[in-house]
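S.K.: pasting the structure only:
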């Protein structure tokens, strides 16, 4: 928000007392809500990036989980959350936050299995 907008916006919030519209500090009046198309585009870009890793790479598995959550948010109409999950997937792949050391394996349990002790 530009300083002039802030100067006009803040007193208007104080004058209205936040009863007509909620007043938030730093609200950007020019920022539109994300769209379904923006969300799907971000998910597809992140999915293509994740596909560059081997299928059993731990960061790819985490990224795909994030992308699954992104699509759930999109189907609920929460496109801002969708973009956030797509960004998490992108960062996961770019930074390789999760990886196995040579010789390590990942055992994924079914819901009816218990971890070995």
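M.R.: Noted; the coordinates are in hand. Since the model is a prediction, treat every value here as computed from it, not as a measurement. Residues are numbered from 1 along each chain as shown.

S.K.: Show me what the strand or helix carrying residue 63 packs onto, helices and strands only.
M.R.: According to DSSP states H and E, residue 63 maps onto helix 58-75. Applying 3 or more C-beta pairs under 8 Å, 6 or more residues apart in numbering; DSSP states H and E, we find helix 58-75 packed against helix 36-50, helix 79-95. All C-beta spots, glycine's among them, are computed from the backbone N, C-alpha and C.

S.K.: mind giving me the domain split of the protein?
M.R.: According to automatic domain parsing, the chain comprises the domains 1-31, 32-104.

S.K.: Residue 114: which of those domains is closest?
M.R.: The closest of these to residue 114 is domain 32-104. By C-beta to C-beta, the value is 21.1 Å.

S.K.: Quick one: mean pLDDT for that closest one?
M.R.: The predicted model gives domain 32-104 an average pLDDT of 93.
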